[in-house]
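Colleague: For reference, the sequence and a predicted model appear below.
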Amino acid sequence: MPVNIPRELPARSVLQDENVFVMSRDRAQHQDIRPLRIAILNLMPTKIATETHLLRLLGNSPIQVEITLLRMGTHESRNTPPEHLESFYTTFDAVRSQRFDGLVITGAPVELLPFEDVDYWGELVEILDWSREHVWSTMHVCWGAQAGLYHHHGVPKYELPAKMFGIFAHQVLDPRAPILSGFDEVFPAPHSRHTEVRAEDVEAVPGVRVLATSPDAGVYLAATDDGRQIYVTGHPEYERDTLRAEYDRDVARGLRIQVPHNYFPGDDPAGNPLVTWRSHAFLLYSNWLNHCVYQGTPFDLDTGGDGSWVQI
């Protein structure tokens, strides 16, 4: 949340130069406050674990958030109990007439398929198009980021020679970007994917910028200039043992899988991983909620504040 200080205070210009969010008393007095409506489109097979990961990050903010969990109506989930889906999830058809302040679209284990061959691609395209007029800001994660970049901007994905798997160091390219406010110049984040998007393809799109990259893992964070579309190619929401569970699963299946990079102490799978990425994960989501959603979304979602909803 912003710090409220007088316009004339000398510290104000210093803090603004450091990308600290400051607000004048006049603006603070005229702000309307209400809970944010955030939808999570959960495409992961491990839905219960994923919703827990994301809710932990979204809950680490003083901003009150109301969550709607969404599932695909055109895809049958085989890894989540039907009673859980019936009790806690709804479909896109049930909310298509509604507006939301924010939307999170998760990853999905379908990277090696062409986008159009994913069985729910048609429904996802509907949701992506709908989000441009019914959601103020959307956070796309891992395959969800690749899908959003492809559909909205024509950015392709490329198959990697080996799975990008582990914890990688990333460099902040634009410390003035609000979504990166408070980030260290270099920060760690998990990746678990078989495909990538390339910086030159993203940078060729007008109005979209690459904001953080890794010399080993490539593009990590990109966003539209207005903050309405955020693309995260990694998995900052992962917990301590998530990569271990994926590694053990693949080993049990007899798949060729390398030990996750920079994850187990000494690269020994018998060791207990140290969590090095959690603080930046919390910061990423709190920045998104504050700078990209709360500070821009209209108070009246149905009218867009001034009687219209601006399409991006």
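Modeller: Sure, I can see it.

Colleague: The stretch 151-300 of the chain: helices as residue ranges?
Modeller: 199-203, 242-252, 278-287 (DSSP state H, counting those that start in this stretch).

Colleague: nearest spatial neighbour of G218, skipping sequence neighbours?
Modeller: Of all residues not flanking G218 in the chain, E196 sits nearest, at 5.2 Å (C-beta to C-beta, 6 or more residues apart in numbering). In short, each C-beta sits where N, CA and C put it, glycine included.

Colleague: what's near enough to touch L301?
Modeller: R37, R99, F100, D101 (C-beta atoms under 8 Å, 6 or more residues apart in numbering).

Colleague: Take those residues and keep only those in strands.
Modeller: R37, F100, D101 (DSSP state E).

Colleague: Surely the second one and W136 touch.
Modeller: Yes: F100 is within contact range of W136, at 7.5 Å (criterion: C-beta atoms under 8 Å).

Colleague: Between those two, tell me which one has more neighbours.
Modeller: Applying other C-beta atoms under 10 Å to F100 and W136 shows that W136 carries more neighbours, namely 25 against 22.

Colleague: Relative to T297, how far out is the more buried one?
Modeller: 4 Å (C-beta to C-beta, to the nearest Å).

Colleague: what do those two both touch?
Modeller: Common neighbours of W136 and T297 (C-beta under 8 Å, 6+ apart) are D101, G102.

Colleague: And for P269, the neighbour number?
Modeller: 14.

Colleague: wait, I meant T195
Modeller: 18.

Colleague: Quick one: residues contacting it.
Modeller: Taking C-beta under 8 Å, 6+ apart as the test, what T195 contacts is E111, L112, W143, Q146, K157, Y158, E159, L160.

Colleague: can you rerun that using 10 Å?
Modeller: Shown in contact with T195 (C-beta atoms under 10 Å, 6 or more residues apart in numbering): 111-113, 142-143, 146, 156-160, 163-164, 233.

Colleague: ok, now how distant is it from F187?
Modeller: 23 Å.

Colleague: likewise S77?
Modeller: 33 Å.

Colleague: Neighbour count for these two, which is higher?
Modeller: F187 (23 against 17).

Colleague: pretty sure R99 is in contact with I38, am I right?
Modeller: No: at 11.9 Å, R99 does not count as touching I38 under the criterion of C-beta atoms under 10 Å.

Colleague: Find residues that contact each of the two.
Modeller: Shared contacts of R99 and I38, counting by C-beta under 10 Å, 6+ apart, come down to V135.

Colleague: nearest residue to T276 other than its sequence neighbours?
Modeller: Using C-beta to C-beta, 6+ apart, the nearest residue to T276 is P188, at 4.8 Å.

Colleague: how deep is that neighbour tucked in, by neighbour count?
Modeller: So P188, with other C-beta under 10 Å, has 21 neighbours.

Colleague: Could you measure from it over to T50?
Modeller: For P188 relative to T50 (C-beta to C-beta), the value is 20 Å.

Colleague: Identify the single longest helix in this structure, thanks.
Modeller: The longest helix of the chain (DSSP state H) is helix 121-134.

Colleague: so where do the strands sit in the chain?
Modeller: 3-4, 22-23, 36-41, 65-71, 89-91, 100-105, 135-141, 158-172, 186-196, 208-214, 218-224, 229-232.

Colleague: Which among those is found nearest to A281?
Modeller: strand 186-196 (7.4 Å; C-beta to C-beta).

Colleague: Contact partners for the nearest residue to G296 once chain neighbours are set aside?
Modeller: With sequence-adjacent residues excluded and distances taken as C-beta to C-beta, 6+ apart, G296 is closest to W136, at 6.1 Å. Residues in contact with W136 (C-beta under 10 Å, 6+ apart) are 36-37, 99-103, 227-228, 292-294, 296-298, 301, 304, 309-310, 312.
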